[in-house]
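*Asks:* Here is the input, now give the coordinates:
(one chain, ligands or ions: 1)
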Amino acid sequence: MSDTNLKPRTKPRIKAERPKLYRVVLLNDDFTPREFVVMVLKGEFRLDSSQAEIVMLTAHQKGACVVSVYPKDVAETKADRAVAAAQKHGYPLQFTVEPEE
Ligand code: TYC
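*Replies:* Predicted structure coming up:
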């Protein structure tokens, strides 16, 4: 009997690529009311009241603030929905969506 072992020594590795993540960044403007920004951050991005307040104030003071990170389609959908909600009220609120390094 041959003792040649023909079995592969390792299991085939099925590598699931981790989906790339994208930052949703809130941009400051001079017109959108602070309370409205907080409401959008809570409603669309599920931030709690204190997180929403901190993100809004950071954008207000520094010009922009990262809201959260998501897979690309989720990031784009959330940003689009938030902008649409603002436009409905006549506010120029804007977000950018950018890849994480
Ligand atoms: N700067 C706005 C104001 O003074 C409030 C605001 C904060 C708007 C953050 C957008 O991303 C923003 N009414």
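
*Asks:* those strands in this protein, which residues are they?
*Replies:* Taking DSSP state E as the criterion, the chain contains strands spanning 21-27, 64-71, 94-99.

*Asks:* Please point out which parts of the shortest one sit buried.
*Replies:* What it means is strand 94-99. Gln94, Phe95, Val97 (16 or more other C-beta atoms under 10 Å). From N, CA and C alone the C-beta is placed, and that goes for glycine too.

*Asks:* Over to the longest one?
*Replies:* Residues of strand 64-71 classed as buried: Cys65, Val67, Ser68, Tyr70 (neighbour count, 16+ other C-beta under 10 Å).

*Asks:* Likewise for stretch 56-66?
*Replies:* Going by 16+ other C-beta under 10 Å, stretch 56-66 has these buried residues: Met56, Ala59, His60, Cys65.

*Asks:* which residues touch the third one?
*Replies:* The one in question is His60. Asn28, Arg34 (C-beta atoms under 8 Å, 6 or more residues apart in numbering).

*Asks:* Nearest to Pro12, out of the buried residues of stretch 56-66: which one, please.
*Replies:* Cys65 (44.2 Å; C-beta to C-beta).

*Asks:* just checking, that closest one touches Val37?
*Replies:* No - counting by C-beta atoms under 8 Å, Cys65 stays clear of Val37, with 10.2 Å between them.

*Asks:* Give me the common contacts of the two.
*Replies:* Leu26, Met56, Ala59.

*Asks:* export those to a markdown table and tack on pLDDT?
*Replies:* A markdown table is the format used below for these (pLDDT from 0 to 100):
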| residue | pLDDT |
| --- | --- |
| Leu26 | 98 |
| Met56 | 98 |
| Ala59 | 98 |
